[in-house]
Structures are given as C-alpha cells and as structure tokens.
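*Asks:* structure for this input, please:
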Amino acid sequence: MGFDKAGLVIEGQPLWQRQLATLRASKPRELFISGRPDGPYMGADVPIVFDAEPGLGPIGGLAAALRQAQHPYLLVLAVDLPAMTSGFLRGMVETAIRQDAGLVPCVDDRFEPLAAVYPQKCLSVVEEILSSGADRSLQGFLAAAVTHGIFTCFSPQEAERSLFQNLNAPDDLGLRIEQPEP
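*Replies:* Numbering: from 1, shown residues only. Just a heads-up that it's a prediction; the model follows:
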C-alpha cells in the first residue's frame, strides 16, 4: 500500500479500530496492540506493546506479545484481515485450550500465522530463533512447531476461507477504503 495499513479507513472506521472491536467481541481476558510507537493507534484505550528490537518482522512482534501476555494462550489478529469475525476467533481459542496446543489455520498450503492462537510455551522457541539468526519467518517457525506437536493446524471450511483475505491493495475485498491522512 505504501503506508501503514492500520490507519486505513474502511466503511468509516480506521482499520485498527475495526480489528480492536473484533477482538473485544471475542471477549479476551486481556487485550493489547503490538505495534510501532508511532502507529495511528497511539492514544487507544488499550496498552501498546512495542518490539524489543525493531526490524525483526512479525516474529519480533510475536515475541514481545508473548512476553506481555498473562494468559497461557495468545490470540493474534493482523490488522489487515478486516473480514475476520469474533466468533471464528473465539472458536479457535476454545479449540486450542481444549487441545492444549497452539492452533493455526492453513489455507492453500500456507499457514495463516497472523490469525492464530499461540501457546506461551512456544516463547522459548521464538526467542531461540531470534537469538540464533535462523529463519525468522513465521511460516518456517510454524512448520517446525506443527512437526513437534506444539501447534495443530486445520483447514477452514470453504465458507470461512474469505475471513483470511488480507488487505494489500486498495481494491482488495471491494470495500470502500480511504487512505489515512498524513
């Protein structure tokens, strides 16, 4: 997009506020935003968690969020998945707790790591990846975590696949989108 997607206005609401409302509706025990110190969500009524070391990508944000979380399971929702529903997220959390493992959707043979449930017990593996300089992609991390039984993956039903359409271009999803003001 060429700018921070969090500030996009979709159907009259900034995307970060839309996602925060979706998360609130899932009734979490705790709620915070993982993001940049200069993001459009500054001043929100929830804590902001910053990466301990900038430039590490999504796995750096995941590490910071896992360190912050008090609950044994962390639900992650990317800002660019505006079709996601609180009911789907609640179902994932319930399944992860029941199975006592992280839970990640798999769509078209790719993990959806930014709409997933991470167990606290994976923090040591994430920190090891960060300190070793190994492949820092969430795809690589999740492939290993599924193999080692830390996570289970599932294929969403056909009707749920649209929940994972992410917003990368103004025409995506056919929504009315306004570029945030500088």
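*Asks:* any idea how far residue 20 is from residue 146?
*Replies:* 29 Å (C-beta to C-beta, to the nearest Å). No exception for glycine: its C-beta is placed from N, CA and C like everyone else's.
*Asks:* looking at the two, which one has more neighbours?
*Replies:* residue 20 (21 against 17; other C-beta atoms under 10 Å).
*Asks:* could you dump the longest helix seen in the chain to PDB, C-alpha only?
*Replies:* Secondary structure of the chain per DSSP state H: the longest helix is helix 86-99. Output in PDB follows, covering the C-alpha atoms of helix 86-99 (Å, rounded to 0.1, in the frame of the first residue of the first chain):
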ATOM      1  CA  SER A  86     -15.100 -12.600  16.700                       C
ATOM      2  CA  GLY A  87     -17.000 -15.900  16.600                       C
ATOM      3  CA  PHE A  88     -14.300 -17.600  14.500                       C
ATOM      4  CA  LEU A  89     -11.600 -16.300  16.800                       C
ATOM      5  CA  ARG A  90     -13.400 -17.400  19.900                       C
ATOM      6  CA  GLY A  91     -13.800 -20.900  18.400                       C
ATOM      7  CA  MET A  92     -10.000 -21.100  17.700                       C
ATOM      8  CA  VAL A  93      -9.200 -20.100  21.200                       C
ATOM      9  CA  GLU A  94     -11.600 -22.700  22.700                       C
ATOM     10  CA  THR A  95     -10.200 -25.400  20.400                       C
ATOM     11  CA  ALA A  96      -6.600 -24.500  21.300                       C
ATOM     12  CA  ILE A  97      -7.300 -24.700  25.000                       C
ATOM     13  CA  ARG A  98      -9.200 -28.000  24.600                       C
ATOM     14  CA  GLN A  99      -6.300 -29.500  22.600                       C
END
